[in-house]
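A.B. asks: attaching a predicted model along with its sequence, questions to come.
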Amino acid sequence: MLFGGDFHFNHSKVIGYCKRPFKDKEEMNETLITSWNMKADPNSIIYINGDLVFCKHNDGFVHYLLSTLKGKIKLIPGDHDRDLIKFLRRNPKFRSKIDIMDSVCRVKWEKQNIVLCHWCMRVWPKSHYNSWHLYAHSHGSLPSIGKSHDIGIDNNNYQLLWFEEIVELMKNKPDNPNLIKKERR
(Lines give C-alpha, C1' and ligand atoms only; values in the text may rest on other atoms or scores of the structure.)
Protein backbone atom coordinates (compact mmCIF):
# COMPACT_ATOMS: atom_id res chain seq x y z
CA MET A 1 0.00 0.00 0.00
CA LEU A 2 1.27 3.45 -0.99
CA PHE A 3 0.34 6.92 0.24
CA GLY A 4 0.78 10.45 -1.12
CA GLY A 5 -0.94 13.73 -1.79
CA ASP A 6 -0.71 17.19 -3.27
CA PHE A 7 0.74 16.12 -6.60
CA HIS A 8 -0.98 19.02 -8.37
CA PHE A 9 -0.26 17.49 -11.76
CA ASN A 10 -0.58 20.09 -14.54
CA HIS A 11 -0.67 23.03 -12.10
CA SER A 12 2.01 25.47 -13.21
CA LYS A 13 1.53 27.91 -10.31
CA VAL A 14 2.28 25.27 -7.66
CA ILE A 15 5.92 25.29 -8.84
CA GLY A 16 6.35 28.86 -7.55
CA TYR A 17 4.01 28.52 -4.56
CA CYS A 18 5.91 25.52 -3.22
CA LYS A 19 9.34 26.27 -4.65
CA ARG A 20 9.35 23.01 -6.58
CA PRO A 21 12.57 22.42 -8.55
CA PHE A 22 10.99 22.27 -12.00
CA LYS A 23 11.29 24.73 -14.87
CA ASP A 24 7.69 24.24 -16.03
CA LYS A 25 4.62 22.06 -15.54
CA GLU A 26 5.64 19.67 -18.33
CA GLU A 27 8.92 18.85 -16.56
CA MET A 28 7.08 18.55 -13.25
CA ASN A 29 4.41 16.27 -14.72
CA GLU A 30 6.91 13.90 -16.32
CA THR A 31 9.17 13.82 -13.24
CA LEU A 32 6.25 13.08 -10.92
CA ILE A 33 4.81 10.43 -13.25
CA THR A 34 8.21 8.71 -13.39
CA SER A 35 8.57 8.92 -9.60
CA TRP A 36 5.06 7.47 -9.10
CA ASN A 37 5.61 4.61 -11.54
CA MET A 38 8.98 3.70 -10.03
CA LYS A 39 7.21 2.84 -6.76
CA ALA A 40 3.85 1.59 -7.97
CA ASP A 41 2.97 -1.41 -10.08
CA PRO A 42 -0.35 -2.14 -11.81
CA ASN A 43 -1.68 -3.93 -8.70
CA SER A 44 -0.68 -1.29 -6.15
CA ILE A 45 -3.32 0.33 -3.97
CA ILE A 46 -2.47 4.04 -3.69
CA TYR A 47 -4.20 6.37 -1.26
CA ILE A 48 -3.97 9.99 -2.42
CA ASN A 49 -4.87 12.68 0.10
CA GLY A 50 -6.25 15.14 -2.40
CA ASP A 51 -5.16 17.59 -5.07
CA LEU A 52 -4.12 14.97 -7.59
CA VAL A 53 -4.48 16.98 -10.79
CA PHE A 54 -5.36 20.49 -11.87
CA CYS A 55 -7.58 19.66 -14.82
CA LYS A 56 -10.21 22.30 -15.51
CA HIS A 57 -11.01 22.13 -19.24
CA ASN A 58 -8.16 19.70 -19.91
CA ASP A 59 -9.65 16.25 -20.45
CA GLY A 60 -6.77 15.32 -22.77
CA PHE A 61 -4.15 15.62 -20.03
CA VAL A 62 -6.30 13.79 -17.48
CA HIS A 63 -6.86 10.96 -19.97
CA TYR A 64 -3.08 10.76 -20.52
CA LEU A 65 -2.32 10.91 -16.79
CA LEU A 66 -4.79 8.23 -15.74
CA SER A 67 -3.68 5.99 -18.60
CA THR A 68 -0.03 6.40 -17.54
CA LEU A 69 -0.08 6.15 -13.74
CA LYS A 70 0.28 2.62 -12.38
CA GLY A 71 -1.98 1.21 -9.69
CA LYS A 72 -5.47 1.65 -8.34
CA ILE A 73 -6.06 5.09 -6.81
CA LYS A 74 -8.18 5.73 -3.75
CA LEU A 75 -8.72 9.49 -3.75
CA ILE A 76 -9.58 11.31 -0.56
CA PRO A 77 -10.79 14.58 -2.16
CA GLY A 78 -8.97 17.84 -1.56
CA ASP A 79 -9.49 21.43 -2.62
CA HIS A 80 -8.73 20.92 -6.32
CA ASP A 81 -10.40 17.58 -7.11
CA ARG A 82 -13.86 18.79 -8.13
CA ASP A 83 -12.96 18.90 -11.84
CA LEU A 84 -11.39 15.44 -11.69
CA ILE A 85 -14.60 14.07 -10.17
CA LYS A 86 -16.59 15.71 -13.00
CA PHE A 87 -14.16 14.19 -15.54
CA LEU A 88 -14.77 10.72 -14.04
CA ARG A 89 -18.54 11.18 -14.41
CA ARG A 90 -18.05 12.00 -18.12
CA ASN A 91 -15.52 9.21 -18.70
CA PRO A 92 -16.81 6.00 -17.10
CA LYS A 93 -13.88 3.91 -18.39
CA PHE A 94 -11.64 5.53 -15.73
CA ARG A 95 -13.98 4.78 -12.83
CA SER A 96 -12.18 1.48 -12.29
CA LYS A 97 -8.89 3.42 -11.96
CA ILE A 98 -10.00 5.77 -9.16
CA ASP A 99 -12.29 5.24 -6.18
CA ILE A 100 -13.54 8.48 -4.66
CA MET A 101 -13.46 8.05 -0.90
CA ASP A 102 -15.04 10.08 1.90
CA SER A 103 -13.25 13.27 2.92
CA VAL A 104 -12.22 11.47 6.12
CA CYS A 105 -11.22 7.92 5.31
CA ARG A 106 -10.40 5.21 7.83
CA VAL A 107 -8.30 2.18 6.96
CA LYS A 108 -6.78 -0.58 9.04
CA TRP A 109 -3.59 -2.15 7.76
CA GLU A 110 -1.50 -4.68 9.65
CA LYS A 111 -3.56 -3.94 12.80
CA GLN A 112 -2.81 -0.20 12.54
CA ASN A 113 -5.71 2.24 12.47
CA ILE A 114 -5.02 5.04 9.99
CA VAL A 115 -7.13 8.15 9.38
CA LEU A 116 -6.64 9.87 6.03
CA CYS A 117 -7.81 13.36 5.24
CA HIS A 118 -6.62 16.08 2.89
CA TRP A 119 -6.57 18.52 5.80
CA CYS A 120 -4.64 18.18 9.04
CA MET A 121 -6.59 17.50 12.22
CA ARG A 122 -5.50 18.06 15.80
CA VAL A 123 -7.48 15.02 16.94
CA TRP A 124 -8.92 12.29 14.75
CA PRO A 125 -10.82 9.02 15.15
CA LYS A 126 -9.10 6.77 17.69
CA SER A 127 -6.27 9.27 18.22
CA HIS A 128 -6.70 8.63 21.94
CA TYR A 129 -5.59 5.04 21.13
CA ASN A 130 -2.55 6.24 19.12
CA SER A 131 -4.09 5.80 15.68
CA TRP A 132 -2.19 7.49 12.87
CA HIS A 133 -3.32 10.51 10.89
CA LEU A 134 -1.98 11.07 7.37
CA TYR A 135 -2.74 14.45 5.82
CA ALA A 136 -1.63 16.72 2.99
CA HIS A 137 -2.72 20.26 1.96
CA SER A 138 0.07 22.10 3.82
CA HIS A 139 2.90 21.22 1.39
CA GLY A 140 5.31 20.51 4.24
CA SER A 141 4.69 23.78 6.09
CA LEU A 142 2.70 22.42 9.04
CA PRO A 143 4.47 20.38 11.71
CA SER A 144 2.87 17.11 12.72
CA ILE A 145 1.31 16.43 16.09
CA GLY A 146 1.85 13.03 17.69
CA LYS A 147 1.38 10.15 15.29
CA SER A 148 0.47 12.31 12.30
CA HIS A 149 2.44 12.97 9.12
CA ASP A 150 2.12 15.19 6.05
CA ILE A 151 2.23 12.67 3.21
CA GLY A 152 2.13 15.37 0.55
CA ILE A 153 4.94 15.02 -1.99
CA ASP A 154 6.50 18.40 -1.12
CA ASN A 155 7.23 16.96 2.33
CA ASN A 156 8.50 13.59 1.07
CA ASN A 157 11.06 14.20 -1.69
CA TYR A 158 8.33 14.14 -4.39
CA GLN A 159 7.69 10.46 -3.67
CA LEU A 160 4.83 8.20 -2.74
CA LEU A 161 5.44 6.49 0.59
CA TRP A 162 5.16 2.76 1.23
CA PHE A 163 3.27 1.74 4.36
CA GLU A 164 6.59 0.38 5.68
CA GLU A 165 8.22 3.80 5.24
CA ILE A 166 5.42 5.35 7.28
CA VAL A 167 5.94 2.71 9.98
CA GLU A 168 9.56 3.87 10.26
CA LEU A 169 8.52 7.55 10.40
CA MET A 170 5.97 6.86 13.13
CA LYS A 171 8.55 5.07 15.32
CA ASN A 172 10.29 8.42 15.87
CA LYS A 173 7.15 10.41 16.61
CA PRO A 174 5.75 10.99 20.09
CA ASP A 175 2.46 9.51 21.22
CA ASN A 176 -0.67 11.44 20.38
CA PRO A 177 -1.31 14.24 22.89
CA ASN A 178 -4.70 12.79 23.83
CA LEU A 179 -3.49 9.19 24.27
CA ILE A 180 -5.31 7.40 27.07
CA LYS A 181 -2.56 5.84 29.14
CA LYS A 182 -3.57 2.75 31.03
CA GLU A 183 -2.57 2.75 34.66
CA ARG A 184 -0.44 -0.19 35.69
CA ARG A 185 -1.28 -1.87 38.96
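C.D. replies: Looks like it arrived, so ask away.
A.B. asks: so how far is His63 from Asn49?
C.D. replies: Distance of Asn49 to His63, given as CB to CB, to the nearest Å: 23 Å. Every C-beta, even on glycine, is put in place using the N, C-alpha and C of the backbone.
A.B. asks: so these two - more neighbours on which side?
C.D. replies: The residue with the greater number of neighbours, taking Asn49 and His63 and applying other CB atoms under 10 Å, is Asn49; the counts read 27 against 15.
A.B. asks: which residues does the residue lying closest to the more buried one once chain neighbours are set aside bridge with?
C.D. replies: The spatial neighbour of Asn49 that comes closest, neighbours along the chain excluded (CB to CB, 6 or more residues apart in numbering), is Gly5 at 3.3 Å. Beta-bridge partners for Gly5, by DSSP bridges, are Gly152.
A.B. asks: shouldn't Gly5 be in contact with Asp51?
C.D. replies: Yes: between Gly5 and Asp51 there is a contact at 6.6 Å, judged by CB atoms under 8 Å.
A.B. asks: quick one, which of those two is more surrounded?
C.D. replies: Here Gly5 and Asp51 are set side by side on neighbour count (other CB under 10 Å), and the busier one is Gly5, at 32 against 26.
A.B. asks: ok, that one - contacts?
C.D. replies: When the contact criterion is CB atoms under 8 Å, 6 or more residues apart in numbering, the partners of Gly5 are 48-51, 76, 78, 118, 135-137, 151-153.
A.B. asks: past the lengthiest helix in the chain, which element shows up next along the chain?
C.D. replies: The helix of greatest length in the chain, counted in residues with DSSP state H as the criterion, is given as helix 25-39. Moving toward the C-terminus from helix 25-39, the first helix or strand encountered (DSSP states H and E) is strand 45-48.
A.B. asks: and that next one, which strands flank it?
C.D. replies: According to DSSP bridges, the neighbouring strands of strand 45-48, each with its direction, are strand 2-4 (parallel), strand 72-75 (parallel).
A.B. asks: and stretch 156-168, end to end?
C.D. replies: Taking CA to CA, to the nearest Å, the first and last residues of stretch 156-168 lie 13 Å apart.
A.B. asks: any weak-confidence spans in the protein?
C.D. replies: Low-confidence segments of the chain, defined by pLDDT under 70, are located at 57, 182-185.
A.B. asks: follow-up on the earlier one: any idea which of the strands paired with strand 45-48 is most buried?
C.D. replies: Ranked by average neighbour count under the criterion mean count of other CB atoms under 10 Å, the strands paired with strand 45-48 are headed by strand 2-4 at a mean of 24.
A.B. asks: hang on, the earlier thing: what touches both of Gly5 and Asp51?
C.D. replies: Gly78, His118, Ala136, His137.
A.B. asks: who wins for neighbours among those?
C.D. replies: Counting by other CB under 10 Å, Ala136 has the largest number of neighbours within the shared contacts of Gly5 and Asp51, with 30 neighbours.
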